[in-house]
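Enquirer: structural data only, the sequence is not supplied:
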């Protein structure tokens, strides 16, 4: 049974869930999990989505890190005065909820699927300092049927900073 599972799902291991394999092979999910764990010695690993980096990014990141370290040597309290910001994209389609998504393999496959750059999404921005949190702010426009997510560009980001961020600082 284990050999059949391994052969039938060799392409599935590392890309499909235990439930997906059980559906493909028409066998109970609990049986597939027992075979994966006890016979094939596979373990569940959680997927981590990361931003795709290209070679041109490396020098920019290294330069920033060196500048930041130089500032900290001059003023050790510098990080406490910075408004740290980030934006998150909540993709409306095509992404897995990784909370319950596991990849079964003998060793950690370090799966890091990349998301398409321009998929439909909701963009949320937030910032914080050592003393307070600012946001969240949503990048959206009012369309005929209500709020619609929009692309973050320089004009919209400047509007966020001047009309929503600066007044709360």
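Expert: Thanks, I have the structure now. Every value quoted in this text rests on a predicted model; they were computed, and no experiment measured them. Numbering: from 1, shown residues only.

Enquirer: biggest helix in the chain, by residue count?
Expert: helix 57-74 (DSSP state H).

Enquirer: dihedrals phi and psi, the spatially most central residue of the chain?
Expert: In the chain, the residue lying closest to the centroid (Cα atoms, centre = their mean) is residue 49, at 3.8 Å. Torsion angles at residue 49 (phi, psi; degrees, to the nearest 10) stand at phi -80, psi 130.

Enquirer: returning to what we had before: and the longest helix of the chain, how far out from the chain's middle?
Expert: 24 Å (Cα atoms, centre = their mean, to the nearest Å).

Enquirer: for it, which helices and strands make contact with it?
Expert: Where contact means 3 or more Cβ pairs under 8 Å, 6 or more residues apart in numbering; DSSP states H and E, helix 57-74 is not packed against any helix or strand. The C-beta positions use only the backbone N, C-alpha and C, and glycine is treated the same way.

Enquirer: which SSE is immediately downstream of it?
Expert: Sequence-wise, the next helix or strand downstream of helix 57-74 (DSSP states H and E) is strand 84-91.

Enquirer: report the buried residues of that following strand.
Expert: Going by neighbour count (16 or more other Cβ atoms under 10 Å), the buried part of strand 84-91 is 87, 89.

Enquirer: need the mean per-residue confidence for that strand.
Expert: Per-residue pLDDT over strand 84-91 has a mean of 81.

Enquirer: list the strands paired with it, with their directions.
Expert: strand 121-128 (antiparallel) (DSSP bridges).
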